[in-house]
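> pasted the sequence and its predicted model underneath.
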Amino acid sequence: MTDLDKALADIVAIRAQLVRGSAFRGYGAAAFAATAGLALITATAQSLFLEDPTAQPLLFFGGWIATAFGALGLVGWEMRARARRHSGGFADAMIGDAVEQFLPAGAAGALLALVLARVSPETLWLLPGLWPVLVSLGIFAGARVMPRGVAVVGAWYLVAGLAVLVLTAESHALLPWAMGLPFGIGQGLMALVIRQASIPHQLSITHQAPIRHPASEAADGDA
């Protein structure tokens, strides 16, 4: 390896370390609040129009999978816009690092659904409880680059998921609100945490002294 190659490798390593050690400011409260609304709307619609969710698992889970994709689209769109505004040249790397933290939990949730549907359809009632637990693991995995207080959201998803498993253990029923409440409240909590974390940052920007150009200072002195 030449000295140039070594120097370039060192630069890449330093850049990666900076990305991993920096707080990610790409999360926006508005997108998470909107996803909370999506969860509540989906639960309400299924309660009104899906007579027996347990007998129609395809419609039940199809609705929630569509909601999940819509939520990912909202969060991803705002995350990209905010990351480019706050992180500059590190935006793409920081987005990649944030996604990397949550990817294992997301992939596990998708694969778990496919395996249960294929091998043991009668156990699909477990998914509304297991999915929040996996979300909590993803949140805890990415806590170091997320706003302070996010552990509360992770704890909520963990407790809510376990509670859903306990409550549906006897009936094995698919309940719209067993999905709607954990995710609606969880996403709402995430929006609040992000909002609270953004206030000190906004105040620090507001209170920064304006930078004056030397030429303008000279002009003021001549005047």
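Good, I have the coordinates. Numbering: from 1, shown residues only.

> can you pull out the helices in the protein?
Assigned by DSSP state H, the chain shows helices spanning 3-21, 29-49, 57-87, 91-119, 127-141, 150-167, 176-206, 214-222.

> now the ones you listed in JSON lines, with mean pLDDT and mean neighbour count?
C-beta here means a position set from N, CA and C on the backbone, and glycine is covered the same way. Shown next, in JSON lines, are the helices of the chain (pLDDT from 0 to 100; neighbours: other CB atoms under 10 Å):
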{"stretch": "helix 3-21", "mean pLDDT": "52", "mean neighbour count": "11"}
{"stretch": "helix 29-49", "mean pLDDT": "96", "mean neighbour count": "18"}
{"stretch": "helix 57-87", "mean pLDDT": "87", "mean neighbour count": "16"}
{"stretch": "helix 91-119", "mean pLDDT": "85", "mean neighbour count": "15"}
{"stretch": "helix 127-141", "mean pLDDT": "95", "mean neighbour count": "22"}
{"stretch": "helix 150-167", "mean pLDDT": "97", "mean neighbour count": "18"}
{"stretch": "helix 176-206", "mean pLDDT": "83", "mean neighbour count": "18"}
{"stretch": "helix 214-222", "mean pLDDT": "49", "mean neighbour count": "8"}
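
> contacts only, for the residue lying closest to residue 74 once chain neighbours are set aside.
Spatial nearest neighbour of residue 74, excluding adjacent residues (CB to CB, 6 or more residues apart in numbering): residue 31 at 4.6 Å. Neighbouring residues of residue 31 by CB atoms under 8 Å, 6 or more residues apart in numbering: 74-75, 77-79.
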